[in-house]
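Asks: here's a sequence, model it:
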Amino acid sequence: MPANGKPKFDLGQILATPGALEALQESGQNVQFFLARHVLGDWGEVCEGDKQLNDQALVDGSRLLSAYRTLKNTRIWIITEAADDEGKRICSTCLLPEEY
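Replies: Predicted coordinates:
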């Protein structure tokens, strides 16, 4: 995470799937906790290749993917979709991997 705590990109519209909302409710957590990590560049449990793709996406405006686990060990993803090549983002969706 950056030391200054400034967002690295715009999240766009925030969306969440029913499965993700249920998993968050079951764990007693909220989506803002994971969105804060995501927007600060803490990509969570993604492989090195996905980390590199995310770092490149900060430069070229493409899609971003983060993966986290709730306190109940349910895996959730946050995907921020690109709107254009200028770095604008259309939306960020919190979902379960199986909902992708």
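
Asks: quickly find the element holding L53.
Replies: Using DSSP states H and E, L53 maps to helix 48-60.

Asks: distance of the residue nearest to D10 when sequence neighbours are not counted relative to G49?
Replies: Once flanking residues are discounted, D10 sits nearest to R89: 5.0 Å by Cβ to Cβ, 6 or more residues apart in numbering. Every residue, glycine included, has its C-beta placed from N, CA and C. Here R89 is placed at a distance of 21 Å from G49 (Cβ to Cβ, to the nearest Å).

Asks: next: Y68.
Replies: Distance from Y68 to G49, counting by Cβ to Cβ: 18 Å.

Asks: may I have the phi/psi pair for the residue nearest the centre of the chain?
Replies: Central residue of the chain (Cα atoms, centre = their mean): I78, 3.0 Å from the mean position. Dihedral angles of I78 (phi, psi; degrees, to the nearest 10) stand at phi -120, psi 120.

Asks: can you list the strands that the strand or helix carrying C94 pairs with?
Replies: Assigned by DSSP H and E, C94 falls within strand 89-95. As defined by DSSP bridges, the strand partners of strand 89-95 come to strand 13-16 (parallel), strand 75-82 (antiparallel).

Asks: tell me where the model's unsure across this structure.
Replies: In the predicted model, the chain carries pLDDT under 70 at residues 1-4.

Asks: circling back to that earlier point, with neighbour numbers in mind, choose between R89 and G49.
Replies: Neighbour count, other Cβ atoms under 10 Å: between R89 and G49, R89 has more, with 20 against 8.

Asks: using PDB, list the CA coordinates for stretch 91-100.
Replies: Extracted C-alpha coordinates of stretch 91-100, given in PDB (Å, rounded to 0.1, in the frame of the first residue of the first chain):
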ATOM      1  CA  CYS A  91     -17.400   0.200 -12.400                       C
ATOM      2  CA  SER A  92     -15.900  -2.000  -9.600                       C
ATOM      3  CA  THR A  93     -17.700  -5.200  -8.900                       C
ATOM      4  CA  CYS A  94     -17.300  -7.400  -5.800                       C
ATOM      5  CA  LEU A  95     -18.100 -11.000  -6.600                       C
ATOM      6  CA  LEU A  96     -17.400 -14.600  -5.800                       C
ATOM      7  CA  PRO A  97     -15.000 -16.300  -8.300                       C
ATOM      8  CA  GLU A  98     -17.700 -18.700  -9.300                       C
ATOM      9  CA  GLU A  99     -20.000 -15.800 -10.200                       C
ATOM     10  CA  TYR A 100     -17.500 -14.500 -12.800                       C
END
